[in-house]
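Asks: When you get a sec, could you give me coordinates for this:
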Amino acid sequence: MASTPDVKMLLKILIGVAWLDGQIQPEERQYLHRIAQEKGLESEPEIQPLLHEFRPVKPEECYGWVNDYLGDRPTSEGCQQLIEAISGLIYSDGIVDTAEAKMLTNLQQLDPASTASEASHRPVLAAIRNVYQRWVSTLNS
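Replies: Here you go, the predicted structure:
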């Protein structure tokens with residue numbers, strides 16, 4: 001994302017997504033801290049309490065941030081960038097919770113380039129399938 005407010009909002013969304021299953025997994029925590037550090041936001045007053053888990057983020061709050069981030073008329077590019085960013089977080093722990101999968105599906109449906117057909121769910125399903133296959137292969141190693 002180009003501007004700092006966008007980057008800050010994106011990080012808030014990622015933190016919110018990490019909370020969707022009720023707790024932040026250790027791998028998600030590492031991922032979030034790394035992103036915050038890379039973007040120079042680890043000491044940002046608005047980000048710090050969220051990043052250090054001083055308070056949980058409710059799903060409604062996370063979805064509100066998504067709506068604020070995408071605006072009234074989401075672009076296909078904006079939706080895809082958000083899906084990619086969230087996917088990186090979700091796959092960091094190798095577990096796709098149903099609330100996380102629902103978030104990805106909702107974002108896919110907001111994408112103006114997607115249709116209401118089954119085709120709009122293919123990228124999300126493929127991503128979930130890839131995580132599952134990686135998880136199974138790690139168990140078999």
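
Asks: contacting residues around the closest residue to Leu51 other than its chain neighbours?
Replies: In space, and not counting its chain neighbours, Leu51 is closest to Ala36: 5.5 Å by Cβ to Cβ, 6 or more residues apart in numbering. In short, each C-beta sits where N, CA and C put it, glycine included. Each residue near Ala36 by Cβ atoms under 8 Å, 6 or more residues apart in numbering is listed here: 11, 42, 44, 47, 51.

Asks: Assign Ala36 to helix, strand or coil.
Replies: Three-state call for Ala36 (DSSP: H, G, I helix; E, B strand; the rest coil): helix.

Asks: Which pLDDT value belongs to it?
Replies: Ala36 carries a pLDDT value of 95.

Asks: try the one 10 residues further on
Replies: pLDDT for Glu46: 93.

Asks: got the contact list for it?
Replies: Contacts of Glu46 by Cβ under 8 Å, 6+ apart are 8, 12.

Asks: roughly how far apart are it and Arg34?
Replies: Glu46 is 19 Å from Arg34, where distance means Cβ to Cβ, to the nearest Å.

Asks: those helices in this structure, which residues are they?
Replies: Along the chain, the stretches classed as helices by DSSP state H are 4-19, 26-38, 48-51, 59-70, 76-92, 98-110, 122-140.

Asks: Comparing those helices, which comes out most buried?
Replies: helix 4-19 (a mean of 21; mean count of other Cβ atoms under 10 Å).

Asks: helices or strands up against it?
Replies: If you count contacts as 3 or more Cβ pairs under 8 Å, 6 or more residues apart in numbering; DSSP states H and E, helix 4-19 packs onto helix 26-38, helix 48-51, helix 59-70, helix 76-92.
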